[in-house]
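Student: heads up, no residue letters with this:
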(Lines give C-alpha, C1' and ligand atoms only; values in the text may rest on other atoms or scores of the structure.)
Protein backbone atom coordinates (compact mmCIF):
# COMPACT_ATOMS: atom_id res chain seq x y z
CA UNK A 1 0.00 0.00 0.00
CA UNK A 2 2.90 2.39 0.74
CA UNK A 3 4.33 1.80 -2.74
CA UNK A 4 0.94 2.50 -4.24
CA UNK A 5 0.62 5.72 -2.23
CA UNK A 6 3.95 6.92 -3.56
CA UNK A 7 2.84 6.30 -7.11
CA UNK A 8 -0.35 8.22 -6.50
CA UNK A 9 1.55 11.52 -6.75
CA UNK A 10 0.83 11.45 -10.53
CA UNK A 11 -2.49 12.24 -12.24
CA UNK A 12 -3.74 11.83 -15.77
CA UNK A 13 -6.48 11.36 -18.26
CA UNK A 14 -6.37 8.21 -20.35
CA UNK A 15 -8.76 6.34 -22.60
CA UNK A 16 -11.99 5.60 -20.84
CA UNK A 17 -14.70 7.76 -19.40
CA UNK A 18 -14.23 11.18 -21.07
CA UNK A 19 -15.55 14.64 -20.29
CA UNK A 20 -14.61 17.66 -22.41
CA UNK A 21 -15.11 21.17 -21.17
CA UNK A 22 -16.74 23.59 -23.59
CA UNK A 23 -14.54 25.28 -26.19
CA UNK A 24 -13.12 28.60 -25.08
CA UNK A 25 -15.43 31.11 -26.71
CA UNK A 26 -15.07 34.83 -26.26
CA UNK A 27 -16.88 37.70 -27.90
CA UNK A 28 -15.67 40.77 -29.68
CA UNK A 29 -17.51 43.85 -30.95
CA UNK A 30 -16.64 45.71 -34.14
CA UNK A 31 -17.44 49.31 -35.02
CA UNK A 32 -17.59 50.74 -38.55
CA UNK A 33 -16.40 54.35 -38.47
CA UNK A 34 -17.72 56.54 -41.28
CA UNK A 35 -14.49 58.45 -41.75
CA UNK A 36 -11.91 59.17 -44.42
CA UNK A 37 -10.00 56.93 -44.18
CA UNK A 38 -12.43 54.46 -42.64
CA UNK A 39 -11.49 52.63 -39.48
CA UNK A 40 -12.77 49.46 -37.81
CA UNK A 41 -12.62 49.65 -34.02
CA UNK A 42 -12.33 46.40 -32.00
CA UNK A 43 -14.00 46.34 -28.58
CA UNK A 44 -13.75 43.93 -25.65
CA UNK A 45 -17.37 43.65 -24.43
CA UNK A 46 -16.39 42.48 -20.94
CA UNK A 47 -14.23 45.48 -20.11
CA UNK A 48 -16.06 47.87 -22.41
CA UNK A 49 -12.79 49.16 -23.87
CA UNK A 50 -11.15 49.46 -27.25
CA UNK A 51 -8.57 46.74 -27.86
CA UNK A 52 -7.38 47.93 -31.25
CA UNK A 53 -8.34 49.46 -34.57
CA UNK A 54 -7.54 48.95 -38.23
CA UNK A 55 -7.58 51.42 -41.10
CA UNK A 56 -9.51 50.18 -44.11
CA UNK A 57 -11.08 52.03 -47.09
CA UNK A 58 -12.85 55.38 -47.05
CA UNK A 59 -16.20 55.94 -45.31
CA UNK A 60 -16.77 52.52 -43.77
CA UNK A 61 -20.50 51.97 -43.21
CA UNK A 62 -21.39 48.35 -42.61
CA UNK A 63 -19.83 45.17 -41.26
CA UNK A 64 -20.61 41.47 -41.55
CA UNK A 65 -18.91 38.39 -40.11
CA UNK A 66 -18.22 35.07 -41.78
CA UNK A 67 -20.29 32.24 -40.27
CA UNK A 68 -17.26 30.91 -38.36
CA UNK A 69 -16.39 34.37 -37.01
CA UNK A 70 -12.82 34.34 -38.32
CA UNK A 71 -13.30 37.01 -41.01
CA UNK A 72 -14.82 40.48 -40.85
CA UNK A 73 -16.01 42.24 -44.00
CA UNK A 74 -16.23 46.04 -44.13
CA UNK A 75 -17.93 48.01 -46.90
CA UNK A 76 -16.07 51.21 -47.80
CA UNK A 77 -18.50 53.47 -49.60
CA UNK A 78 -16.37 56.10 -51.28
CA UNK A 79 -13.56 53.65 -52.03
CA UNK A 80 -15.88 51.21 -53.78
CA UNK A 81 -14.25 48.34 -51.93
CA UNK A 82 -14.80 45.65 -49.34
CA UNK A 83 -12.02 45.04 -46.81
CA UNK A 84 -11.46 41.55 -45.39
CA UNK A 85 -10.04 41.47 -41.85
CA UNK A 86 -8.78 38.68 -39.62
CA UNK A 87 -10.81 38.97 -36.40
CA UNK A 88 -7.97 37.61 -34.26
CA UNK A 89 -5.01 39.58 -35.61
CA UNK A 90 -7.05 42.60 -36.86
CA UNK A 91 -4.97 42.53 -40.06
CA UNK A 92 -6.41 43.37 -43.48
CA UNK A 93 -6.23 40.17 -45.51
CA UNK A 94 -7.65 41.49 -48.78
CA UNK A 95 -9.24 44.53 -50.40
CA UNK A 96 -11.86 43.71 -53.02
CA UNK A 97 -13.06 46.23 -55.60
CA UNK A 98 -16.82 46.10 -56.11
CA UNK A 99 -19.22 48.73 -57.52
CA UNK A 100 -19.86 52.38 -56.70
CA UNK A 101 -20.91 53.19 -53.12
CA UNK A 102 -21.22 49.71 -51.64
CA UNK A 103 -23.05 49.50 -48.36
CA UNK A 104 -25.04 46.46 -47.21
CA UNK A 105 -23.64 42.94 -47.29
CA UNK A 106 -25.11 39.48 -46.79
CA UNK A 107 -22.99 36.38 -46.18
CA UNK A 108 -24.65 33.25 -47.54
CA UNK A 109 -25.14 30.91 -44.54
CA UNK A 110 -24.00 27.73 -46.29
CA UNK A 111 -22.01 28.84 -49.34
CA UNK A 112 -18.75 30.79 -49.51
CA UNK A 113 -20.42 33.83 -51.02
CA UNK A 114 -20.82 37.44 -49.94
CA UNK A 115 -23.44 39.67 -51.57
CA UNK A 116 -22.71 43.42 -51.65
CA UNK A 117 -25.14 46.07 -52.88
CA UNK A 118 -23.71 48.97 -54.91
CA UNK A 119 -26.04 51.93 -54.46
CA UNK A 120 -24.92 54.11 -57.36
CA UNK A 121 -24.58 51.25 -59.87
CA UNK A 122 -27.89 49.54 -59.18
CA UNK A 123 -26.05 46.25 -58.84
CA UNK A 124 -25.14 43.51 -56.38
CA UNK A 125 -21.61 42.09 -56.43
CA UNK A 126 -21.12 38.42 -55.59
CA UNK A 127 -17.79 37.69 -53.90
CA UNK A 128 -16.25 34.23 -53.65
CA UNK A 129 -14.92 34.36 -50.10
CA UNK A 130 -12.43 31.56 -50.70
CA UNK A 131 -10.60 33.57 -53.38
CA UNK A 132 -11.73 37.09 -52.41
CA UNK A 133 -12.76 37.83 -55.98
CA UNK A 134 -15.96 39.12 -57.54
CA UNK A 135 -17.48 36.28 -59.55
CA UNK A 136 -20.63 38.00 -60.73
CA UNK A 137 -22.33 41.40 -60.84
CA UNK A 138 -26.13 41.29 -60.80
CA UNK A 139 -28.26 44.17 -62.08
CA UNK A 140 -31.10 44.98 -59.68
CA UNK A 141 -33.18 48.15 -59.22
CA UNK A 142 -32.18 51.73 -58.60
CA UNK A 143 -30.17 52.60 -55.48
CA UNK A 144 -30.17 49.24 -53.71
CA UNK A 145 -29.73 49.78 -49.98
CA UNK A 146 -30.83 46.99 -47.64
CA UNK A 147 -30.70 43.21 -48.07
CA UNK A 148 -31.82 40.07 -46.23
CA UNK A 149 -31.40 36.36 -46.87
CA UNK A 150 -34.03 33.67 -46.37
CA UNK A 151 -34.88 30.36 -47.97
CA UNK A 152 -32.16 30.43 -50.62
CA UNK A 153 -32.97 33.96 -51.81
CA UNK A 154 -31.51 37.41 -51.21
CA UNK A 155 -34.13 40.16 -51.06
CA UNK A 156 -32.74 43.55 -52.13
CA UNK A 157 -34.59 46.78 -51.35
CA UNK A 158 -34.20 49.24 -54.24
CA UNK A 159 -34.71 52.71 -52.78
CA UNK A 160 -34.69 54.44 -56.16
CA UNK A 161 -37.15 52.06 -57.84
CA UNK A 162 -39.73 51.27 -55.18
CA UNK A 163 -39.06 47.58 -55.66
CA UNK A 164 -37.51 44.52 -54.07
CA UNK A 165 -35.32 42.31 -56.25
CA UNK A 166 -35.30 38.61 -55.39
CA UNK A 167 -31.98 36.93 -56.18
CA UNK A 168 -31.90 33.14 -56.47
CA UNK A 169 -28.60 32.28 -54.81
CA UNK A 170 -28.34 28.92 -56.60
CA UNK A 171 -27.94 30.74 -59.93
CA UNK A 172 -27.17 34.29 -58.76
CA UNK A 173 -29.84 35.71 -61.03
CA UNK A 174 -32.87 37.88 -60.32
CA UNK A 175 -35.87 35.59 -60.15
CA UNK A 176 -38.46 38.26 -59.50
CA UNK A 177 -38.93 42.00 -59.00
CA UNK A 178 -41.64 42.95 -56.51
CA UNK A 179 -43.22 46.40 -56.44
CA UNK A 180 -43.58 47.72 -52.90
CA UNK A 181 -43.92 51.33 -51.71
CA UNK A 182 -41.88 54.42 -52.43
CA UNK A 183 -38.22 54.56 -51.39
CA UNK A 184 -37.99 51.26 -49.49
CA UNK A 185 -35.37 51.31 -46.76
CA UNK A 186 -34.80 48.70 -44.08
CA UNK A 187 -36.13 45.17 -44.60
CA UNK A 188 -36.36 42.32 -42.09
CA UNK A 189 -37.24 38.63 -42.21
CA UNK A 190 -39.86 37.21 -39.86
CA UNK A 191 -38.54 34.66 -37.34
CA UNK A 192 -40.30 31.84 -39.19
CA UNK A 193 -39.02 32.99 -42.59
CA UNK A 194 -42.49 33.31 -44.10
CA UNK A 195 -42.49 37.09 -44.48
CA UNK A 196 -40.11 39.86 -45.48
CA UNK A 197 -41.14 43.22 -44.04
CA UNK A 198 -40.21 46.39 -45.94
CA UNK A 199 -40.19 49.94 -44.54
CA UNK A 200 -41.35 52.21 -47.37
CA UNK A 201 -39.83 55.55 -46.40
CA UNK A 202 -41.43 57.57 -49.17
CA UNK A 203 -44.99 56.24 -48.95
CA UNK A 204 -45.23 55.93 -45.14
CA UNK A 205 -46.14 52.25 -45.27
CA UNK A 206 -44.86 48.79 -44.41
CA UNK A 207 -45.19 46.02 -46.99
CA UNK A 208 -45.20 42.34 -46.05
CA UNK A 209 -43.85 40.01 -48.75
CA UNK A 210 -44.99 36.39 -48.64
CA UNK A 211 -41.78 34.39 -49.21
CA UNK A 212 -43.69 31.36 -50.53
CA UNK A 213 -45.30 33.29 -53.39
CA UNK A 214 -42.84 36.21 -53.46
CA UNK A 215 -45.71 38.66 -53.69
CA UNK A 216 -46.90 41.47 -51.41
CA UNK A 217 -49.34 39.93 -48.91
CA UNK A 218 -50.39 43.20 -47.30
CA UNK A 219 -49.45 46.83 -46.86
CA UNK A 220 -50.19 48.96 -43.79
CA UNK A 221 -49.94 52.73 -43.36
CA UNK A 222 -47.60 53.83 -40.56
CA UNK A 223 -45.98 57.08 -39.40
CA UNK A 224 -44.03 59.57 -41.47
CA UNK A 225 -40.91 58.24 -43.20
CA UNK A 226 -40.33 54.83 -41.64
CA UNK A 227 -36.61 54.04 -41.87
CA UNK A 228 -36.27 50.81 -39.90
CA UNK A 229 -38.45 47.88 -38.87
CA UNK A 230 -38.10 45.16 -36.25
CA UNK A 231 -40.08 41.97 -35.60
CA UNK A 232 -40.83 40.39 -32.23
CA UNK A 233 -39.49 36.82 -31.76
CA UNK A 234 -43.03 35.40 -31.66
CA UNK A 235 -43.75 37.10 -35.01
CA UNK A 236 -46.75 38.83 -33.44
CA UNK A 237 -45.73 42.45 -33.99
CA UNK A 238 -43.77 44.57 -36.43
CA UNK A 239 -42.44 47.84 -35.00
CA UNK A 240 -41.20 50.76 -37.07
CA UNK A 241 -39.02 53.77 -36.44
CA UNK A 242 -40.78 56.66 -38.19
CA UNK A 243 -37.87 59.06 -38.60
CA UNK A 244 -39.70 62.26 -39.52
CA UNK A 245 -42.80 61.40 -37.50
CA UNK A 246 -40.85 60.75 -34.30
CA UNK A 247 -42.92 57.67 -33.58
CA UNK A 248 -42.90 53.88 -33.58
CA UNK A 249 -45.87 52.24 -35.23
CA UNK A 250 -46.88 48.79 -33.96
CA UNK A 251 -48.53 46.44 -36.47
CA UNK A 252 -50.33 43.24 -35.49
CA UNK A 253 -49.08 40.74 -38.08
CA UNK A 254 -52.24 38.62 -37.84
CA UNK A 255 -54.71 41.43 -38.55
CA UNK A 256 -52.26 43.77 -40.37
CA UNK A 257 -53.75 46.58 -38.28
CA UNK A 258 -51.95 49.29 -36.33
CA UNK A 259 -52.46 48.56 -32.64
CA UNK A 260 -50.33 51.35 -31.18
CA UNK A 261 -48.46 54.50 -32.15
CA UNK A 262 -45.73 55.33 -29.65
CA UNK A 263 -44.15 58.76 -29.33
CA UNK A 264 -40.35 58.48 -29.27
CA UNK A 265 -38.90 61.93 -29.85
CA UNK A 266 -37.21 63.64 -32.77
CA UNK A 267 -35.50 61.55 -35.46
CA UNK A 268 -35.59 57.90 -34.43
CA UNK A 269 -33.32 55.61 -36.42
CA UNK A 270 -32.39 51.98 -35.82
CA UNK A 271 -34.68 49.71 -33.79
CA UNK A 272 -34.15 46.21 -32.40
CA UNK A 273 -36.06 43.77 -30.17
CA UNK A 274 -34.67 41.77 -27.25
CA UNK A 275 -34.33 37.97 -27.67
CA UNK A 276 -37.12 37.37 -25.14
CA UNK A 277 -39.45 39.79 -26.90
CA UNK A 278 -39.96 41.87 -23.78
CA UNK A 279 -38.48 45.13 -25.05
CA UNK A 280 -37.64 47.12 -28.13
CA UNK A 281 -34.79 49.61 -28.24
CA UNK A 282 -34.76 52.66 -30.54
CA UNK A 283 -31.92 55.14 -31.18
CA UNK A 284 -33.47 58.63 -31.09
CA UNK A 285 -30.89 60.98 -32.57
CA UNK A 286 -32.14 64.46 -31.68
CA UNK A 287 -33.12 63.36 -28.17
CA UNK A 288 -29.59 62.00 -27.57
CA UNK A 289 -31.09 58.89 -26.07
CA UNK A 290 -32.26 55.33 -26.54
CA UNK A 291 -35.97 54.83 -25.94
CA UNK A 292 -36.94 51.49 -24.40
CA UNK A 293 -40.38 50.19 -25.36
CA UNK A 294 -41.90 47.68 -22.93
CA UNK A 295 -43.87 45.44 -25.25
CA UNK A 296 -46.21 44.09 -22.57
CA UNK A 297 -47.95 47.47 -22.11
CA UNK A 298 -46.21 49.74 -24.71
CA UNK A 299 -44.85 52.02 -21.99
CA UNK A 300 -41.49 53.70 -22.59
CA UNK A 301 -38.45 54.96 -20.76
CA UNK A 302 -35.45 56.91 -22.00
CA UNK A 303 -31.75 56.23 -21.49
CA UNK A 304 -29.45 59.21 -22.16
CA UNK A 305 -26.51 58.45 -24.44
CA UNK A 306 -24.04 60.69 -26.25
CA UNK A 307 -24.89 63.04 -29.12
CA UNK A 308 -26.91 61.83 -32.09
CA UNK A 309 -27.33 58.06 -31.57
CA UNK A 310 -27.96 56.19 -34.81
CA UNK A 311 -27.45 52.43 -34.50
CA UNK A 312 -28.51 49.92 -31.82
CA UNK A 313 -27.27 46.34 -31.68
CA UNK A 314 -27.82 43.74 -28.96
CA UNK A 315 -25.00 41.42 -27.94
CA UNK A 316 -25.17 37.63 -28.22
CA UNK A 317 -27.40 37.07 -25.18
CA UNK A 318 -29.23 40.38 -25.00
CA UNK A 319 -27.49 41.50 -21.81
CA UNK A 320 -25.80 44.47 -23.48
CA UNK A 321 -26.90 47.01 -26.05
CA UNK A 322 -24.35 48.76 -28.26
CA UNK A 323 -25.26 52.27 -29.41
CA UNK A 324 -23.31 54.31 -31.95
CA UNK A 325 -23.30 58.07 -31.45
CA UNK A 326 -21.87 59.49 -34.70
CA UNK A 327 -22.05 63.13 -33.69
CA UNK A 328 -20.49 62.41 -30.32
CA UNK A 329 -17.78 60.18 -31.79
CA UNK A 330 -18.57 57.46 -29.25
CA UNK A 331 -20.13 54.06 -28.70
CA UNK A 332 -22.29 53.58 -25.60
CA UNK A 333 -22.74 50.17 -23.98
CA UNK A 334 -25.99 49.79 -22.04
CA UNK A 335 -26.60 47.10 -19.43
CA UNK A 336 -30.09 45.88 -20.32
CA UNK A 337 -30.83 44.63 -16.79
CA UNK A 338 -30.30 48.02 -15.13
CA UNK A 339 -30.95 50.08 -18.29
CA UNK A 340 -27.89 52.21 -17.62
CA UNK A 341 -24.85 53.14 -19.69
CA UNK A 342 -21.96 51.14 -18.24
CA UNK A 343 -19.26 52.12 -20.73
CA UNK A 344 -18.53 54.78 -23.34
CA UNK A 345 -15.82 54.17 -25.94
CA UNK A 346 -14.48 57.16 -27.84
CA UNK A 347 -13.45 56.66 -31.46
CA UNK A 348 -13.81 60.31 -32.64
CA UNK A 349 -14.31 58.88 -36.12
CA UNK A 350 -18.08 59.14 -36.69
CA UNK A 351 -18.96 55.59 -35.56
CA UNK A 352 -21.85 54.39 -37.71
CA UNK A 353 -22.73 50.75 -37.06
CA UNK A 354 -21.60 48.00 -34.70
CA UNK A 355 -21.86 44.20 -34.58
CA UNK A 356 -20.70 41.50 -32.15
CA UNK A 357 -19.40 38.02 -32.87
CA UNK A 358 -17.96 34.95 -31.19
CA UNK A 359 -14.31 33.99 -31.38
CA UNK A 360 -13.17 30.48 -30.48
CA UNK A 361 -9.65 30.88 -29.19
CA UNK A 362 -6.93 28.39 -30.04
CA UNK A 363 -5.36 26.93 -26.96
CA UNK A 364 -1.59 27.23 -26.64
CA UNK A 365 -1.13 26.31 -23.00
CA UNK A 366 1.93 24.13 -23.70
CA UNK A 367 2.81 20.66 -22.43
CA UNK A 368 0.90 19.88 -19.22
CA UNK A 369 2.55 18.33 -16.16
CA UNK A 370 0.88 16.71 -13.13
CA UNK A 371 2.38 17.13 -9.67
CA UNK A 372 -0.35 15.81 -7.35
CA UNK A 373 -3.84 14.32 -7.16
CA UNK A 374 -6.18 14.15 -4.20
CA UNK A 375 -7.83 12.23 -2.68
CA UNK A 376 -5.83 9.08 -3.31
CA UNK A 377 -8.21 6.53 -1.80
CA UNK A 378 -11.91 6.50 -2.58
CA UNK A 379 -14.84 4.10 -2.26
CA UNK A 380 -17.53 2.95 -4.67
CA UNK A 381 -21.16 4.12 -4.68
CA UNK A 382 -19.94 7.66 -4.19
CA UNK A 383 -19.65 10.97 -6.03
CA UNK A 384 -16.10 12.16 -5.61
CA UNK A 385 -14.37 15.45 -6.40
CA UNK A 386 -10.70 15.07 -7.38
CA UNK A 387 -8.21 17.92 -7.42
CA UNK A 388 -5.33 17.71 -9.90
CA UNK A 389 -2.48 20.19 -9.57
CA UNK A 390 0.26 20.85 -12.09
CA UNK A 391 1.28 23.27 -14.82
CA UNK A 392 0.19 24.29 -18.33
CA UNK A 393 -3.40 23.15 -18.00
CA UNK A 394 -6.05 24.83 -20.16
CA UNK A 395 -9.55 26.08 -19.40
CA UNK A 396 -10.69 23.60 -22.05
CA UNK A 397 -8.57 20.61 -21.00
CA UNK A 398 -10.12 17.14 -21.21
CA UNK A 399 -9.81 14.64 -18.34
CA UNK A 400 -10.18 10.86 -18.61
CA UNK A 401 -9.99 8.00 -16.12
CA UNK A 402 -8.84 4.48 -16.99
CA UNK A 403 -10.05 1.83 -16.56
CA UNK A 404 -13.44 3.49 -16.77
CA UNK A 405 -15.72 0.65 -15.72
CA UNK A 406 -18.52 2.02 -13.55
CA UNK A 407 -17.02 5.56 -13.56
CA UNK A 408 -18.74 8.59 -15.09
CA UNK A 409 -17.01 11.97 -15.13
CA UNK A 410 -19.70 14.59 -14.53
CA UNK A 411 -17.77 17.83 -14.78
CA UNK A 412 -14.30 19.27 -15.29
CA UNK A 413 -13.15 22.78 -14.45
CA UNK A 414 -9.52 23.76 -15.04
CA UNK A 415 -7.25 26.71 -14.54
CA UNK A 416 -3.64 26.83 -15.71
CA UNK A 417 -2.45 25.08 -12.53
CA UNK A 418 -5.33 22.90 -11.33
CA UNK A 419 -8.32 20.85 -12.44
CA UNK A 420 -11.37 19.99 -10.38
CA UNK A 421 -12.96 16.75 -11.56
CA UNK A 422 -16.29 15.45 -10.28
CA UNK A 423 -16.82 11.74 -10.94
CA UNK A 424 -19.57 9.28 -10.08
CA UNK A 425 -18.18 5.95 -8.85
CA UNK A 426 -20.94 3.35 -9.07
CA UNK A 427 -21.12 -0.01 -7.35
CA UNK A 428 -19.98 -1.60 -10.59
CA UNK A 429 -16.66 0.30 -10.52
CA UNK A 430 -13.66 -2.03 -10.40
CA UNK A 431 -11.58 -1.92 -7.23
CA UNK A 432 -7.90 -1.20 -7.63
CA UNK A 433 -5.76 1.56 -9.08
CA UNK A 434 -6.87 4.05 -11.73
CA UNK A 435 -4.95 6.33 -14.07
CA UNK A 436 -5.89 9.87 -14.99
CA UNK A 437 -4.89 11.87 -18.06
CA UNK A 438 -5.16 15.60 -18.72
CA UNK A 439 -5.21 16.52 -22.42
CA UNK A 440 -5.04 20.06 -23.76
CA UNK A 441 -6.93 21.10 -26.91
CA UNK A 442 -3.71 21.02 -28.94
CA UNK A 443 -3.33 17.30 -28.16
CA UNK A 444 -0.50 17.53 -25.61
CA UNK A 445 -1.20 15.50 -22.48
CA UNK A 446 0.09 14.27 -19.13
CA UNK A 447 -0.82 10.96 -17.49
CA UNK A 448 -0.62 9.90 -13.86
CA UNK A 449 -0.60 6.14 -13.51
CA UNK A 450 -1.97 4.79 -10.24
CA UNK A 451 -3.50 8.19 -9.67
CA UNK A 452 -5.99 6.91 -7.10
CA UNK A 453 -7.30 3.63 -5.74
CA UNK A 454 -10.86 2.39 -5.35
CA UNK A 455 -10.79 0.46 -2.09
CA UNK A 456 -14.18 -1.24 -1.99
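Tutor: Looks like it arrived, so ask away. Only a predicted model underlies this, so the values are computations on that prediction, with no experimental measurement involved.
Student: Residue 36 - how many residues pack around it?
Tutor: Burial measure for residue 36: 16 neighbouring residues, criterion other Cβ atoms under 10 Å. Just so you know, the C-beta spots here come from the backbone N, C-alpha and C atoms, and that holds for glycine as well.
Student: now residue 230
Tutor: Neighbouring residues of residue 230 were enumerated by other Cβ under 10 Å; the total is 23.
Student: I'd like the distance between it and residue 156.
Tutor: To residue 156, residue 230 is 19 Å away according to Cβ to Cβ, to the nearest Å.
Student: Make sure residue 56 is actually in contact with residue 40.
Tutor: Yes: between residue 56 and residue 40 there is a contact at 5.8 Å, judged by Cβ atoms under 8 Å.
Student: Now list whatever residues contact both of those two.
Tutor: Shared contacts of residue 56 and residue 40, defined by Cβ atoms under 8 Å, 6 or more residues apart in numbering, comprise 74, 83, 85.
Student: I'd like to know how many residues surround the last one.
Tutor: Summarising burial for residue 85: neighbours were counted as other Cβ under 10 Å, giving 23.
Student: So what touches the helix or strand containing it?
Tutor: Using DSSP states H and E, the secondary-structure element containing residue 85 is strand 81-86. Outside of strand 81-86, the residues within contact range by Cβ under 8 Å, 6+ apart are 40, 54, 56-57, 60, 70-76, 91-98, 102, 105, 114, 116, 127, 129, 132.
Student: Please list only the buried members of the residues you listed.
Tutor: Among the contacts of strand 81-86, those classed as buried by 16 or more other Cβ atoms under 10 Å are 40, 54, 56-57, 60, 71-76, 92, 94, 96, 98, 102, 105, 114, 116, 127, 129, 132.
Student: Show only the entries of the residues you listed found in helices.
Tutor: If you go by DSSP state H, the buried ones among the contacts of strand 81-86 have nothing in helices.
Student: re the thing from before, any chance of the shared contacts of residue 56 and residue 40 in TSV, with pLDDT and distance to residue 273 too?
Tutor: Converted to TSV, the shared contacts of residue 56 and residue 40 look like this (pLDDT from 0 to 100; distance: Cβ to Cβ, whole Å):
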residue	pLDDT	distance to residue 273
74	98	26
83	98	30
85	97	29
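Student: How far away from the center of its chain is stretch 262-272?
Tutor: Computed by Cα atoms, centre = their mean, to the nearest Å, the chain-centroid distance of stretch 262-272 equals 23 Å.
Student: State the mean pLDDT of it.
Tutor: Taken as a whole, stretch 262-272 has an average pLDDT of 98.
Student: ok, now stretch 403-422?
Tutor: On average, stretch 403-422 scores 89.
Student: okay, how far is it across that stretch, tip to tip?
Tutor: Using Cα to Cα, to the nearest Å, the gap from the first to the last residue of stretch 403-422 comes to 16 Å.
Student: tell me, what residue is most central in the chain?
Tutor: residue 357 (4.0 Å; Cα atoms, centre = their mean).
Student: in stretch 346-360, what's buried?
Tutor: Within stretch 346-360, the residues that count as buried by 16+ other Cβ under 10 Å are 347, 349-357, 359.
Student: Among those residues, which lie within strands?
Tutor: 351-357, 359 (DSSP state E).
Student: ok, so of those residues, who is nearest residue 451?
Tutor: The shortest separation between residue 451 and any of these is 34.5 Å, and it belongs to residue 359 (by Cβ to Cβ).
Student: Contacts only, for that closest one.
Tutor: Here residue 359 is in contact with 25-28, 69-70, 87-88 (criterion: Cβ under 8 Å, 6+ apart).
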